[in-house]
Structures are given as structure tokens and as C-alpha cells.
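**Student:** Generate coordinates for the sequence data below:
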Amino acid sequence: MVDHKGCADDGMGGAVREVCGGSDPYVIVSVVFMIAAEIWRGFDVVWFFYGLFGVEMLGLGLLAVAVGLSVPWAKLDWDDPRKMLSWQTAVLTLVAWVVVGGISGLLLCLPFFVELLNEPNLVVVMMPLGATIATLVTGLAAYGILRLGVNSLAKVDEP
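**Tutor:** Numbers count the residues shown, from 1 in each chain. Here you go, the predicted structure:
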């Protein structure tokens, strides 16, 4: 039995702790893959940390989106773990991932696009600008959707 009422009492802080607590495998695997990718393509410290920041920020933001959207349409009467999410959750999560991930991903690629145009002076400007705007987009989306999940947590009925 899931004790979702305790998380509702904790409010947004409890939801954020749940997202961050479940993200350890993602962080470990993504760091290993980022190191392998940088070794393969020729290590560049600046691009490595920029890419690592983007991967971690987007991954944790999209995890928060998935957690927030799983609450309003929770199915707590499941016998098979594959049936614990409703179709509404699956569709809305997919749409949110495509929209948020697409927008933030393109923003994070701004320095790369500028570098392809052989404008090295603009790359230095576009890295913090792209990272800041992408973080704002992802953070606001994750916060809003987590807020939706926390607000609807008290309405979820036990089976």
C-alpha cells in the first residue's frame, strides 16, 4: 500500500524529494555515458560540462513532469505493474516530454548551431544564455506540473 497522504502533508518539498530520491540510477548512468561520449569524440572540458548539465537538467525535469502527471489519474487498484498508469497519464506525459524536451533541447543546442556557423565569439555568449533559458523553461514546466500533482494528491482515493 502506498502512503501518498504523507507526501501530501509535505507538500511540494515532499514531491521534490521523491523525484530527486528516485533519480540516482539516471544520474549515474548518464554521467557514465557522457564520459564515454566525450572520450569517443575527443575530450573538451567546456563542452563536456555543458552537455552534462543539459542532460542532467532535462532528465530530472522530465522525471518531475512524469511524476507530477502520474498523480491526477493514478490507478491504485492495479495487480499488474504495467497497468498502474492510466492512458491520460501516458498521453500527457508523452506530449509534455516532446514539448518541454524539444524546446529546451533546441535552446541547449544554440551554442552548437552558432559554432557550426564559425562564430566562436558568440558561442561564449550562447552557452550561458541557452542554458539559462532552457533551465527556466524546464524548471517552470516541472514546477507547474509537480504543483498539479501535489494539489490533486489529496483527491486520490485508496482502492
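
**Student:** helices and strands around the longest helix along the chain, which ones?
**Tutor:** If you go by DSSP state H, the chain has its longest helix at helix 120-153. Packing partners of helix 120-153 (3 or more C-beta pairs under 8 Å, 6 or more residues apart in numbering; DSSP states H and E): helix 4-10, helix 12-21, helix 45-70, helix 87-108, helix 110-116. C-betas here are computed from N, CA, C, even on glycine.

**Student:** on contacts alone, who are the packing partners of the third one?
**Tutor:** Contact here means 3+ C-beta pairs under 8 Å, 6+ apart; on that basis helix 45-70 packs against helix 12-21, helix 24-41, helix 87-108, helix 120-153.

**Student:** what would those look like in JSON lines with mean neighbour count?
**Tutor:** Formatted as JSON lines, the helices and strands packed on helix 45-70 follow (neighbours: other C-beta atoms under 10 Å):
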{"stretch": "helix 12-21", "mean neighbour count": "15"}
{"stretch": "helix 24-41", "mean neighbour count": "12"}
{"stretch": "helix 87-108", "mean neighbour count": "15"}
{"stretch": "helix 120-153", "mean neighbour count": "17"}
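
**Student:** could I get the ones you listed as CSV with mean pLDDT?
**Tutor:** Shown next, in CSV, are these (pLDDT from 0 to 100):
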stretch, mean pLDDT
helix 12-21, 60
helix 24-41, 85
helix 87-108, 92
helix 120-153, 90
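
**Student:** With distance to W73 as new columns, can those be given to me in CSV?
**Tutor:** Listed next are those as CSV, based on distance: least, C-beta to C-beta, whole Å:
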stretch, distance to W73
helix 12-21, 16
helix 24-41, 23
helix 87-108, 4
helix 120-153, 9
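
**Student:** nearest to L69, of these?
**Tutor:** Closest to L69 of those is helix 87-108 (C-beta to C-beta; 4.9 Å).
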